[in-house]
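> Let me see the structure of the following:
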Amino acid sequence: MQQTKFRYYDAVAFKRANPPKAAVHTEFLRTGRIDRSFGWSPTEKRYLSHQEVAERTGRKLERAGSVTHDRINGFHQSIQFPKLIFHRTLAETPHLGYCHITVAKSRFAEFENVQWAFYMANFLAEIGDDEQFFAGISKKPGRMYFAVAIAPTEEEGRLKIDRKVRGNGVIFRTDDPKLAMKNVLMLGARNEALRKIIRAL
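Predicted structure coming up:
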C-alpha cells in the first residue's frame with residue numbers, strides 16, 4: 001500500500017495575510033467602484049516542514065496533557081500522581097502524536113505491584129505490538145486515552161510494555177475523557193471508600 005505524503009501549510013498565517021474582502025456590492029455602494037482584484041493565490045501559502053508541524057503538535061499535546069494531569073490531581077488530595085509530561089509525534093504524519101502524562105504503581109488483579117503509564121493521543125487507533133504500537137489509525141478526528149503496564153528493559157532508562165498484564169499490557173483504552181479519568185483515579189485510589197466515590201462519578 002502506498003503511503004500518502006502529507007503537505008502542511010500555516011492556515012492561521014494565510015488567513016491573517018488574506019482577510020476576507022468586503023462583499024462587492026457593499027464596496028460598490030461605499031466607493032462607486034467594483035474591486036476586481038483577487039487577493040487569494042495558492043502560491044502565497046507558506047508550507048510547513050514536518051519538523052515545524054511536529055513542534056506545533058507537540059506544544060498542543062503537552063498543553064492538553066498538563067490540563068489533564070491537573071484535573072486528575074485536583075480530584076482528591078490523597079490521589080496525587082507525578083507530572084511527567086512529554087510527547088512523541090508519528091514520523092510520517094507529524095500532525096498526529098501522543099503525550100505521556102504520568103506513571104505510577106498499583107495493585108492490579110492478580111499482580112501485586114504493577115507499574116503503569118497513562119497517555120493521551122490526538123487520534124484513534126488500536127494498540128498493537130512492539131513492532132507497530134498503534135495499529136489501524138482512524139482517518140476520523142478524535143482523541144484517545146490509554147494506560148499500559150510497563151517494565152524496565154536491559155537498556156538503562158528504557159521501558160517496555162509489560163505484556164504479562166492482560167496479555168497485551170493494555171490496562172484501558174477509551175475515547176471518553178470522563179471514563180479515562182475514572183480509570184486513572186481508580187488505579188490511584190488507596191481505599192474502598194474512595195473507590196466507591198469514584199465509581200459513582
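
> Look at the nearest residue to L201 once chain neighbours are set aside and give its secondary structure.
Sequence neighbours aside, K182 is the residue nearest to L201 in space, at 5.6 Å (criterion: Cβ to Cβ, 6 or more residues apart in numbering). Every residue, glycine included, has its C-beta placed from N, CA and C. Here K182 is recorded as helix under DSSP: H, G, I helix; E, B strand; the rest coil.

> so who does K182 touch?
Counting by Cβ atoms under 8 Å, 6 or more residues apart in numbering, K182 touches 198-199, 201.

> what does the model give it for pLDDT?
With respect to pLDDT, K182 scores 94.

> rewinding a little: which of the contacts of K182 are buried?
I198 (16 or more other Cβ atoms under 10 Å).

> just the contacts of K182 now: which is nearest A64?
The closest of those to A64 turns out to be L201 (Cβ to Cβ; 20.8 Å).

> Is that closest one in contact with K178, as I believe?
Yes: assessed by Cβ atoms under 8 Å, L201 is found in contact with K178 at 7.4 Å.

> would a markdown table of the contacts of K182 with pLDDT be doable?
Below are the contacts of K182 laid out as a markdown table (pLDDT from 0 to 100):
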| residue | pLDDT |
| --- | --- |
| I198 | 88 |
| R199 | 87 |
| L201 | 79 |
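
> Give me the subset of the contacts of K182 lying in helices.
198-199 (DSSP state H).

> List the pairing partners of the helix or strand that contains Y119 within its sheet, with orientation.
Under the criterion of DSSP states H and E, Y119 resides in strand 111-121. Note on strand 111-121: by DSSP bridges, its sheet partners are strand 97-108 (antiparallel), strand 144-152 (antiparallel).

> Looking at the last one now, give me its mean pLDDT.
Spelled out, it's strand 144-152. 92.

> quick one: the helices in the chain?
Using DSSP H, helices in the chain cover 11-17, 24-31, 50-73, 177-188, 192-199.

> Chain neighbours aside, what residue packs nearest to the residue positioned nearest the centre of the chain?
Residue closest to the average C-alpha location in the chain (Cα atoms, centre = their mean): A121, at 2.8 Å. In space, and not counting its chain neighbours, A121 is closest to Y98: 3.8 Å by Cβ to Cβ, 6+ apart.
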